[in-house]
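**Student:** mind looking at a prediction? Sequence and model below.
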Amino acid sequence: QVRLIESGGGLVQAGDSLKLSCTASGSSISRYSMAWFRQAPGQDREFVAAASWFRGSPNYGDAVRGRCTISRDDTKNTVFLHVASLESEDTAVYYCAAAYQKISLSPASYDYWGQGTQVTVSS
């Protein structure tokens, strides 16, 4: 069982940058691919970024590619998401997710989820 807790969300201005953190407990994340998804009101959960368990190249969603960096520190059981040049369209609840020894862009493939952290971008 992996428990994930996100932090770092809040109200920011358009053009600002934001760094989200996701800390895991209950198990080491070293064999998990770690991902971020987001969900805006009335919309489906959207893939943002993923860092594979085998340390391959990160994957990014089309909406954030070029503005976003995912990183992981397995010694701290933590994964990070840095998003630059925030836009109002980035407003959403951001979720951290873990998938055991698989990599996917689909939410259905992930085994564990955090409760989410709200990011609101004011224009």
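**Tutor:** Good, I have the coordinates.
**Student:** hey, let's count contacts and neighbours off CA atoms from now on
**Tutor:** OK.
**Student:** tell me the pLDDT of the most centrally placed residue in the chain.
**Tutor:** Taking CA atoms, centre = their mean, the centroid of the chain lies closest to W36, which sits 2.1 Å from it. Note on W36: pLDDT of 98.
**Student:** helix, strand, or coil at E89?
**Tutor:** Three-state assignment for E89 (DSSP: H, G, I helix; E, B strand; the rest coil): helix.
**Student:** grab the nearest non-local neighbour of it.
**Tutor:** V121 (7.8 Å; CA to CA, 6 or more residues apart in numbering).
**Student:** mind checking the SS state of the residue nearest to the centre of the chain?
**Tutor:** Strictly by three-state DSSP, W36 counts as strand.
**Student:** now for the nearest residue in space to it that is not next to it in sequence: which residues touch it?
**Tutor:** Using CA to CA, 6+ apart and skipping residues adjacent in sequence, the residue nearest W36 is C96, 4.7 Å away. Going by CA atoms under 8 Å, 6 or more residues apart in numbering, C96 touches L4, I5, E6, C22, M34, A35, W36, F37, W113, G114, G116.
**Student:** L81 now?
**Tutor:** L81 sits in contact with K19, L20, S21, W36, C68, T69, I70, S71, where contact means CA under 8 Å, 6+ apart.
**Student:** try it again with 6 Å
**Tutor:** K19, L20, T69, I70 (CA atoms under 6 Å, 6 or more residues apart in numbering).
**Student:** one more: V48?
**Tutor:** By CA under 6 Å, 6+ apart, the neighbours of V48 are W36, F37, Y60, G61.
**Student:** and which of the residues you listed is nearest A108?
**Tutor:** F37 (11.5 Å; CA to CA).
**Student:** ok, the closest one to T75 distance?
**Tutor:** 23 Å (CA to CA, to the nearest Å).
**Student:** quick one: which of these two has more around it?
**Tutor:** Legend: neighbour count by other CA atoms under 10 Å for F37 and T75, higher for F37 (22 against 9).
**Student:** that one bridge partners, please.
**Tutor:** Beta-bridge pairing for F37 (DSSP bridges): F47, Y95.
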